[in-house]
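Asker: Task: produce atomic coordinates for the following.
(2 chains)
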Amino acid sequence: MSSPMSTPGGKRGRPSNPSTRKFYIRHRCNSIGLAINSISVDMSSPLMYGTPSSRVDGTPRSGARGTPARQRPDLGSVRKSKQVDLQSEPSAADGAAAAEQPAGQRLVIWGTDVNVATCKEKFQRFLQRFIDPSSKEDENSCLDLNEPLYMQKLEEISIVGDPVLNINCGHVSSFDAELYRQLVCYPQEVIPTFDMAVNELFFERFPDSILEHQIQVRPYNALKTRNMRSLNPEDIDQLITISGMVIRTSQLIPEMQEAFFQCAVCAFSARVEVDRGRIAEPAVCRNCNTTHSLALIHNRSMFSDKQMVKIQESPEDMPAGQTPHTTVVYAHNDLVDKVQPGDRINITGIYRAVPMRVNPRQSNVKSVYKTHIDVIHFRKTDEKRLHGQDDENEQRLFTEARVQTLRELAAKPDVYDRLSSALAPSIYEHEDIKKGILLQLFGGTRKDFSQTGRGNFRAEVNILLCGDPGTSKSQLLQYVFNLVPRGQYTSGKGSSAVGLTAYIMKDPETRQTVLQTGALVLSDNGICCIDEFDKMSDSTRSVLHEVMEQQTLSIAKAGIICQLNARTSILAAANPVESQWNPKKTTIENIQLPHTLLSRFDLIFLMLDPQDEAYDRKLAHHLVSLYYQSEEQLEEENLDMAVLKDFIAYARSYIQPKLSEEAGQALIEAYVEMRKVGSGRGMVSAYPRQLESLIRLAEAHAKVRFSDKVETIDVEEAKRLHREALKQSATDPRTGFVDISILTTGMSATARKRKEEITAALKKMLQSRTKTPVMKFQQLFDDLRGQSETAITKDQFEEALKALCDEDYLTISGKTIRLAT
Amino acid sequence: MPSTNDWINNPLGVVEEMFGASQNSSDSGWEAKVTEFFRQRLMEKDAHTWVPSLNDVPLHYLKPNSLVKFRCLIQDMFDPEFYMGAYDTVDPSTKAKVLRCGKYKDVTECGVDLDSANMVTSERQTFYCVPIPGESPWVKESYASTCQARVVPSTSYVPSRQKRSYEDDDEDDMDTQPQAQGHAHNGTPAAAEAQGNGDSKRQETEAPSGQKASSPPLDLNFPLPGEKGPACLVKVYADWDSFKLNDTMEVYGILSVSPALSALSDQSDTSSSLILDPAECMETAEELRVHSPPASLVPRLHLIHTQRLAHNNPLLPPAALEDSAASLASTLGEMVSVRAELLAYFTQLLLGDVLAAEYLLLHLISNVYARRDVIPLGKFTLNLSGCPATAGPAYTEQLYCALQQLVPSAYRLSMTLQNMNQLRLVPRKDYVANRLLSGALQLAANTSLYLDETQLEQGQLDPAGVRNITALGNVISWQKVDYDFNYHQMEFPSNINVLIASEGRSLLPSDCHVHLQPQVTPPNMEAYLGSALTAQSSSQLNKFRLYLTMARTLDYSISEEVTKAVEDDFVDMRKDDPQSISADDLHSLLGVARLLCLSLGQSALSTDAWSRAKHIETLRKSRSEPQGCLNGNEP
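Answerer: Sure thing, here's the model as predicted:
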């Protein structure tokens, strides 16, 4: 029985040790029940610890000095079994062997190989000695890393007075592997021992501190299991850690721990502990020997809080094509109401299986067990997202080997090209667009300027793709959506402002108002892909203004006023208004989007048909090959999507490049140069926003190289990409020059100048004939055209009229124009 | 070794025998032996036809604990469960201990010794399975007729105990009559009637609906509304990771209908007594009802052997095609002639439009054969516009009937405003009952989904309607359905052939749009189509059915030379007029060429087929262009 349980013996059909042990124990306990009285109870054993009786008798440890112990329903009712076990072991089968050894050394808890004294000693040593200099955990941030970690925590407990000690099993494992094994295999026995050890140590050190109850040890991060799917019968009664998402929580359930009976005749009272959900009602009063006189007094019985929590596998852990599993979890005492539906959590607890009875009055049972987990420790994985800190660090764990491969890949000189070609391989060409999207996936470095009053700088890169229909824009969007862990995909047609932001809902059960988040909030730290951006209604689009620059969402409705984080990159695709891209028009005219919004995109790409023979040939070859290559062949050609995913995740969480001196200079030069280009022609060709874009792109490029410093080559590439995008989208079709004001004001500088000229000419003409205050539209148009040496279109004429109208120089009613007097 | 009847009628006997044998000898692996034994038995010639099928034999005719088969789709996957793989029982009188096997059983024998050291806990997985949604009547009939099990006397025997237990459930729900009276009054006549009345089909369908009327209705969660048939909880003992949601398969397993399994009887007992039992009171009533429905409605099936269905055509051997290639060689040779006949038939149906008929044929053999990152390859959604609307729904309905006679499974979704707003198309997770509520888009691979857009009228789509339309669009463009898990969505790939019948161009996207140009205008549409339908002999129909399934499963490749030719062709076309052909056009052209080859039984692209594909595409485009402009819809 005392052999280690960790032998992996296939998934099923284990001659089960832990599960049978429980049943066997009860059996033994009845047969030697009489022995209990004759044996003096060893006070140092865990059997007296943490039980209601100990509360009555006073705590067994002198050091604890009256601090009440608190029951641990999460560990189940353990007292009965242990009381006997400890003593019965030597008298059992291998008693002879035990007798030869010093008794103290050989005493183990029945059914396990745990020796209480050794275990306690080991754990105390762990607490006193364990130092983790490489600790990265946030909760240890204020502690001195060179001092024993857990002693500092004990000190914290003495100050704060919260009697819970969280122990990272990883620490235990690195300190004492044997202790860790025992903890994982026999948590029910080992954790009370830990409790005891900790309390002894604590009250020795801080004899004067007053706690609500004795310290409870809560181990977490048992590396036994990470995935709900891999739970199997071997894990029953072991300490496990799984991750998942809370889908439902029950009401609070008061669970009786100890029943209080009072005799109706003599008022003698008796306490009976609840054993596995059953109360053995005393039939005879011990004091007056009346039968059936004892009645249960509810308000003097002991209850503990309990809550059922249902958790479901998180979508990331799921194999494709299967539905997520769910598991029932019971939270006890102060862990009740710690989690809400929708939370992503890591749970450490003991896995249980209980046989089901078909009918309480029948003896045959359903051959199925009910399983649940008794929680010892909850840890929300997404907790910090709420506080706006950088995150994801601890979520994705990379193995050493994986990191090595990624680093090797990053060290390659052509990593940038490799990655960009690995992106959506089925979409042909469009190298620069893919590069832009790649940089978007990596994002810039997050900077905090809140101290100087500007708040957060946007680190996310926004990209707009526009172009002819059928140039696989949607496919690109779909691909990106499938690539990133926190991506959302919406279509401009199908989404409303509410669907993008957040809406208020009344929960039908609780009548509570709940804030339901929309696509933008859900893609916080991810990418929100918006297809058919041009078809979005104006009100919906206006929501984006705040998100795209401030990265927050303000909500004020139904009594809820709040600001949510929406640090999302936006990848949008828009079709031209005339269904085909008109090369004679500017971007703004082609897609009819407000320039205020356009200027918030770092990169705007045109996806046009290149119309070139060599390109056509390659494209045809590419497409034809799609139709006969088998899937395996396709896989080999390119970088695996999984590698790409990991690469991005790793770079996003571990690489935070900073600008180097030279890079800063290069950026300044680049910006000045951009400004200069325009100023020669009286145009502004760059705004500070463009500089910010450049910085972001350069940082993202540094991340691709896994470099902590932004260097000149990053700036060069950022400049090149930015220029490429500008060349495509901000070229003035009339002059052929790049003119950023197309994007920032919606009109090119030449166009604006031309408009002013025509207006002036029109005004002059009108002034010359003040005699006729009313004239026909068409006539005036013809007259103006006759006068002017350059061609004037009707649109231009109308614009000029409108400008004069705004000046209150004339009024237009239908087809007649009236001069204002 | 047990005789034939034994392994069908008493499979547990076989299992126990092997279990017992393994206990005496040290040699383990009896589980593998059991599955191997049944696999061997079923491999024998025609042996599988002797196993009664839950699909066509009413549940109450089947003997409990006998071997049955079930053709089904995995609709939902429940959580894995732990059960007693082996346990000791103690006889209360003699105190003798007997080791029992718990595998393939739901309920243990009496007197389980919970403290025994011999107890083995094992794990199994439960799938909720429903009959294949939209399965065509001809498929059902064909399977039923090949199944010889119905004539086996033992299966038509109605065990009276079984019958009574079913009535028991009924009584418990209503909490009315004393039970004994119930039997005398209800059970016996029903049993007698069942024996006397040969019409077993009627019995089957009537029984569940009667149940529904008396107790709160139990939603059996069929993907399509109006479906009938038993749902089943299949317990899988090995290799459950290889199963995927929406897989279709034929399950051979041991039927378990113990009344003790139903939650409802359980509940009425527990509510009065155990308040403190933590395991019992935690799950909601809803969840209990769903996860342990009455065994008389949802029997349990302990899986022994599965046969994945690559297709659901009873005319073809179910196994992979390679094995039976020789026997099908003759069919392959006939493909060209069958194709011509089928084309003629379609032309007739489509009022003399040869081009549309050809496209319809290509559509019916399309199949998603691969996915390149997010793009599904091989899908071919057809939009048949210009359906004569004057005849009312008659034309589209009749057309659907004709198609249903040819494909193994089909569903007609009438896109009325009401349907769009109210129907649940996308499956949704119900966290209260902890199950996946099915939707009409939870379909098996290669199901034909026939969208009748002629039924759509003007009006307002509510948010649910918009979501439904989006879901349909996703199926068409990406062949995926995003199941709604409330907190997140989960993407499941689909492989559904979508055919849209509409008056003008459809509002949904499609791979290919053909405007119908009727050559004939029969005065009485219904009579015309009716005669066309009935004119086909069943042997002719069988030929068509075989042809369609065969063509779909053929391999396909493109040689180097043809690749080169196609490239040249593309470049040339672009040179003349870059607007004439885009990358997307080439995509669809390649798709058409592939299907064209397959429809002719060729497994490699030939230049002939390529030019033919180009030709019909040009014809099609010349038709749809003016139509597209008229409609003003963006391509």
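Asker: make it CA atoms for all contacts and neighbour counts henceforth
Answerer: Noted.
Asker: Let me know the helix or strand that the closest residue to residue B:613 other than its chain neighbours is in.
Answerer: Spatial nearest neighbour of residue B:613, excluding adjacent residues (Cα to Cα, 6 or more residues apart in numbering or on different chains): residue B:593 at 5.1 Å. Element membership for residue B:593, per DSSP states H and E: helix B:583-599.
Asker: same check, this time on residue A:378
Answerer: Residue A:378 belongs to strand A:365-380, assigned by DSSP H and E.
Asker: elements contacting that strand?
Answerer: In terms of contacts (3 or more Cα pairs under 8 Å, 6 or more residues apart in numbering or on different chains; DSSP states H and E), strand A:365-380 is packed against strand A:216-220, strand A:326-332, strand A:344-357, strand B:81-90.
Asker: now the angle from the third one to strand A:216-220?
Answerer: Angle of strand A:344-357 versus strand A:216-220, following axes from the mean of the first three to the mean of the last three Cα atoms, to 10 degrees, is 100 degrees.
Asker: Hmm, residue B:518 is touching residue B:355, no?
Answerer: No: judged on Cα atoms under 8 Å, residue B:518 makes no contact with residue B:355 at a distance of 10.7 Å.
Asker: quick one, phi/psi of residue A:414?
Answerer: Main-chain dihedrals, residue A:414, degrees, to the nearest 10: phi -100, psi 30.
Asker: Contact partners for the closest residue to chain A within chain B?
Answerer: Nearest to chain A in chain B, going by Cα to the nearest Cα, is residue B:83, at a distance of 4.1 Å. Contact analysis of residue B:83 by Cα atoms under 8 Å, 6 or more residues apart in numbering or on different chains lists A:367, A:368, A:369, B:102, B:121, B:122, B:123, B:124.
Asker: With adjacent residues omitted, what lies nearest to it?
Answerer: Closest to residue B:83 by Cα to Cα, 6+ apart is residue A:368, at 4.1 Å.
Asker: For that neighbour, report the pLDDT, please.
Answerer: We have a pLDDT of 77 for residue A:368.
Asker: residues contacting it?
Answerer: Here residue A:368 is in contact with A:355, A:356, B:81, B:82, B:83, B:84, B:106 (Cα under 8 Å, 6+ apart).
Asker: Could you export those as a markdown table, including pLDDT and distance to residue B:386?
Answerer: As requested, the contacts of residue A:368 are exported to a markdown table (pLDDT from 0 to 100; distance: Cα to Cα, whole Å):
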| residue | pLDDT | distance to residue B:386 |
| --- | --- | --- |
| A:355 | 71 | 63 |
| A:356 | 66 | 61 |
| B:81 | 84 | 54 |
| B:82 | 86 | 58 |
| B:83 | 85 | 59 |
| B:84 | 82 | 63 |
| B:106 | 80 | 57 |
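Asker: how far away is the residue nearest to residue B:83 from residue B:374?
Answerer: Relative to residue B:374, residue A:368 is positioned 41 Å away (Cα to Cα, to the nearest Å).
Asker: picking up where we left off before, among the helices and strands packed on strand A:365-380, which is nearest residue A:777?
Answerer: Proximity to residue A:777 (Cα to Cα) singles out strand A:344-357 among the helices and strands packed on strand A:365-380, at 67.0 Å.
Asker: Which parts of that closest one count as buried, going by neighbours?
Answerer: A:344-353, A:355-357 (16 or more other Cα atoms under 10 Å in any protein chain shown).
Asker: Likewise for stretch A:246-260?
Answerer: A:246, A:247, A:248, A:249, A:250, A:252, A:255, A:256, A:257, A:258, A:259, A:260.
Asker: Between the two ends of stretch B:290-299, what distance do you get?
Answerer: Distance across stretch B:290-299, first residue to last, is 13 Å (Cα to Cα).
Asker: Figure out how far it is from the centre of its chain.
Answerer: 20 Å (Cα atoms, centre = their mean, to the nearest Å).
Asker: Mind jotting down where the helices sit in the stretch 51-200 of chain B?
Answerer: Secondary structure of the stretch 51-200 of chain B (DSSP state H, counting those that start in this stretch): helices located at B:137-146, B:153-156, B:160-174, B:179-182, B:188-196, B:200-214.
Asker: Up against chain A, what does the stretch 401-550 of chain B have?
Answerer: Applying Cα under 8 Å from any Cα of the partner chain, one finds that the stretch 401-550 of chain B approaches chain A through B:431, B:466, B:470, B:487, B:488, B:490, B:492, B:493.
Asker: So which of those sit within strands?
Answerer: Of those, the ones assigned to strands by DSSP state E are B:490, B:492, B:493.
Asker: follow-up on the earlier one: with distance to residue A:466 added, can I get the contacts of residue B:83 in a markdown table?
Answerer: What follows is these, written out as a markdown table (distance: Cα to Cα, whole Å):
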| residue | distance to residue A:466 |
| --- | --- |
| A:367 | 62 |
| A:368 | 58 |
| A:369 | 58 |
| B:102 | 64 |
| B:121 | 60 |
| B:122 | 57 |
| B:123 | 54 |
| B:124 | 52 |
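Asker: Top of those residues by number of neighbours, please.
Answerer: Counting neighbours by other Cα atoms under 10 Å in any protein chain shown, residue B:121 leads the contacts of residue B:83 with 28 neighbours.
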